[in-house]
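Asker: heads up, no residue letters with this:
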């Protein structure tokens, strides 16, 4: 197989793995937050981020899957912190929405991410896409509007959280392009996750303490009855690191 063929095959495999793992994480979070009855989305997100911190550091420092990149300045750290804040907002909002909406509808709303990305890119960078690009987004948005009206399990608060999560993901993409655009500040996805995750834990810890009373004690009691809840909380973080590893390797090839 030629180099170009291998590259295309790798890209197809990467996209397939991305979508498959993303759906798996959504189903697992949905199970925890709805079927399992664990009603603490902020604490769940904090657990994900704490596990991401450990897994990403182990992958870089011990397994050496990608080279470690150190922050070059306080300004770069501040940019990473800003990205982490938006990242927290997207993940928490997405987890909250899973308590109220089915996964299928959540995925349908998530398909509008390119629309929000195009809007934020224009508002923040005055970057215009081609007319065909905007035209292609019309049926996507129209489909979500139609699905919203016909969804039997529609919940307004869950829908607002889901749209907020989708918009925050798009905003993070645009901000990452702006803040990390210079050659001196480029950083691969796994290193970025390694720095963002601990910051996210620091941001989420006060929120879960004030908004989710006694959550640690409740989680400990649940773990005594069913230790699998610990694995349920950690698996999405492992998935995030595997995807970051794939993207990091792709980054190293570029």
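Answerer: Sure thing, it's come through. Small disclaimer: the values here were computed from a predicted structure and weren't measured.

Asker: Enumerate the helices of the stretch 51-200 of the chain by residue range, in sequence order.
Answerer: Using DSSP state H, counting those that start in this stretch, the helices assigned to the stretch 51-200 of the chain run over residues 74-98, 103-110, 113-125, 131-150, 156-179, 189-211.

Asker: Check what pLDDT the nearest residue to residue 194 once chain neighbours are set aside gets.
Answerer: Distance criterion CB to CB, 6 or more residues apart in numbering; nearest residue to residue 194, sequence neighbours excluded, is residue 56 at 3.9 Å. In short, each C-beta sits where N, CA and C put it, glycine included. Here, the pLDDT recorded for residue 56 equals 86.

Asker: Check the burial of residue 173 by counting its neighbours.
Answerer: Around residue 173 there are 18 other residues, counting by other CB atoms under 10 Å.

Asker: In this protein, where's the longest helix?
Answerer: As assigned by DSSP state H, the longest helix anywhere in the chain is helix 3-30.

Asker: Buried residues of that one, list them for me.
Answerer: Across helix 3-30, burial judged by 16 or more other CB atoms under 10 Å covers 21, 22, 25, 26, 28, 29, 30.

Asker: Looking at the residues you listed, which is nearest residue 162?
Answerer: residue 26 (11.1 Å; CB to CB).

Asker: Next, the contact list for the residue lying closest to residue 117 once chain neighbours are set aside, please.
Answerer: In space, and not counting its chain neighbours, residue 117 is closest to residue 170: 4.1 Å by CB to CB, 6+ apart. Neighbour list for residue 170: 113, 114, 115, 116, 117, 119, 120 [criterion: CB atoms under 8 Å, 6 or more residues apart in numbering].

Asker: that older thread, just the angle between the longest helix of the chain and helix 103-110, please?
Answerer: For helix 3-30 against helix 103-110, the angle by axes from the mean of the first three to the mean of the last three CA atoms, to 10 degrees is 130 degrees.

Asker: any idea of the angle helix 3-30 forms with helix 74-98?
Answerer: Going by the same axes, to 10 degrees, helix 3-30 makes 60 degrees with helix 74-98.

Asker: What mean pLDDT does helix 3-30 get?
Answerer: pLDDT averaged over helix 3-30 gives 76.

Asker: which secondary structure elements does it contact?
Answerer: Judged by 3 or more CB pairs under 8 Å, 6 or more residues apart in numbering; DSSP states H and E, helix 3-30 is in contact with helix 74-98, helix 103-110, helix 228-253.

Asker: For the most centrally placed residue in the chain, which non-adjacent residue is closest in space?
Answerer: Nearest residue to the geometric centre of the chain (CA atoms, centre = their mean): residue 91, 5.7 Å. Closest residue to residue 91 apart from its sequence neighbours, by CB to CB, 6+ apart: residue 45 at 4.9 Å.

Asker: helices and strands around the helix or strand hosting the one you found, which ones?
Answerer: Secondary structure assigned from DSSP states H and E places residue 45 in helix 41-57. Helix 41-57 is packed against helix 74-98, helix 189-211, helix 215-225, helix 228-253, with contacts defined by 3+ CB pairs under 8 Å, 6+ apart.

Asker: Out of the ones you listed, the one nearest residue 165 is which?
Answerer: Closest among the helices and strands packed on helix 41-57, using CB to CB: helix 74-98, at 3.7 Å.

Asker: quick one: that closest one to helix 41-57, angle?
Answerer: Per the same axes, to 10 degrees, the angle that helix 74-98 makes with helix 41-57 is 130 degrees.

Asker: Tell me where the model's unsure across the stretch 1-150 of the chain.
Answerer: Where the stretch 1-150 of the chain drops to pLDDT under 70, the residues are 1-5.

Asker: ok, residue 111 - contacts?
Answerer: By CB under 8 Å, 6+ apart, the contact list for residue 111 reads 140, 143, 144.
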